[in-house]
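Trainee: Have a look at this fold, sequence not included:
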């Protein structure tokens, strides 16, 4: 996380599904929150829990399990609130 004034750059390793990034932005106390993917590593696809029930390429190759969504969003928001 990097905060400059009211702008927050929230980076995460891997390719985050749009819904997850939007949830972080919606819950952030900063209106200028920008979620940046592919930061400092290669975690692969980061899927929503819903995507696991829908199927598709991303959920077949992700390294994460259903349930990771809540933890990832929670930790990102925790970091944003601590700034």
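Mentor: Perfect, thanks for sending it. Everything numeric in this text was worked out from a predicted model, so none of it was measured.

Trainee: What lies in contact with the helix ranked longest in the chain?
Mentor: Ranked by residue count and defined by DSSP state H, the top helix of the chain is helix 68-81. Residues from elsewhere that reach helix 68-81 (CB atoms under 8 Å, 6 or more residues apart in numbering): 1, 8, 10, 12, 20, 23-24, 27-30, 33, 35, 46-49. Bear in mind the C-beta positions are built from the backbone N, C-alpha and C, glycine included.

Trainee: which of these count as buried?
Mentor: Buried subset of the contacts of helix 68-81 (neighbour count, 16 or more other CB atoms under 10 Å): 8, 10, 12, 20, 23-24, 28, 30, 33, 35, 46-48.

Trainee: what's the burial count for the closest residue in space to residue 27 that isn't next to it in sequence?
Mentor: Sequence neighbours aside, residue 77 is the residue nearest to residue 27 in space, at 5.5 Å (criterion: CB to CB, 6 or more residues apart in numbering). Close neighbours of residue 77, defined as other CB atoms under 10 Å, add up to 17.

Trainee: Show the model's pLDDT score for residue 77.
Mentor: Per-residue pLDDT puts residue 77 at 97.

Trainee: again with the one 3 residues further on
Mentor: Reported pLDDT at residue 80 in the predicted model: 95.

Trainee: Could you tell me how many residues sit around it?
Mentor: The burial count for residue 80: 19, using other CB under 10 Å.

Trainee: So residue 64 sits against residue 51, correct?
Mentor: No - Residue 64 lies out of contact with residue 51 (CB atoms under 8 Å); the separation is 10.6 Å.

Trainee: ok but residue 23 is inside a helix, no?
Mentor: Yes - applying DSSP: H, G, I helix; E, B strand; the rest coil, one finds residue 23 inside a helix.

Trainee: what separates it from residue 4, distance-wise?
Mentor: Residue 23 sits 23 Å away from residue 4, taking CB to CB, to the nearest Å as the criterion.
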